[in-house]
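Asks: coords below, sequence missing:
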């Protein structure tokens, strides 16, 4: 199934809304690896900075943008269209390795 990922690239002159395309299994939602791979295909070398807000930061200090924010995704199904999707945030957060608790 096709999944259109809506995101903003934050440049010094302001944010620029863009979209990316992922192909997922039916009923699946994009995870960190799929999102980073999509950004890499678009020439954005990023790492996940904030799991809750789905904010990605550039790996290279000399990048001409400060961050990328996922604003939603669309699978073509009107029931699955989301903006600031909390289910997606939860799934991405659960797929990420958890920080170890104290000693």
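Replies: Nice, I can see it. For clarity, every value in this text was computed on a predicted model and none was experimentally measured.
Asks: just the pLDDT for residue 25.
Replies: What the model reports as pLDDT for residue 25 is 87.
Asks: count of neighbours near it?
Replies: 7 (other Cβ atoms under 10 Å). (C-beta placed from N, C-alpha, C; glycine too.)
Asks: tell me how far it lies from residue 70.
Replies: Counting by Cβ to Cβ, to the nearest Å, the separation of residue 25 from residue 70 is 19 Å.
Asks: next: residue 53.
Replies: Distance from residue 53 to residue 70, by Cβ to Cβ: 8 Å.
Asks: more neighbours: which of the two?
Replies: residue 70 (21 against 11).
Asks: what's the more buried one in contact with, if anything?
Replies: Residue 70 makes contacts with 5, 6, 7, 35, 54, 55, 56, 88, as judged by Cβ atoms under 8 Å, 6 or more residues apart in numbering.
Asks: the host helix or strand of residue 17 pairs with which strands?
Replies: Here residue 17 sits within strand 14-23, counting by DSSP states H and E. When pairing is defined by DSSP bridges, strand 14-23 lines up against strand 2-11 (antiparallel).
Asks: in a helix, residue 40, correct?
Replies: Yes: under DSSP: H, G, I helix; E, B strand; the rest coil, residue 40 falls within a helix.
Asks: now do the contacts for it.
Replies: By Cβ under 8 Å, 6+ apart, the neighbours of residue 40 are residue 46.
Asks: ok, residues contacting the strand holding residue 17?
Replies: Contacts of strand 14-23 (Cβ under 8 Å, 6+ apart): 1-9, 30, 34-35, 38-39, 41-42, 69, 71.
Asks: in PyMOL, select just the buried ones from these.
Replies: Applied in PyMOL, the following selects the buried portion of the contacts of strand 14-23 according to 16 or more other Cβ atoms under 10 Å:
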select buried, resi 3+5+6+7+8+9+30+34+35+38+39+69+71
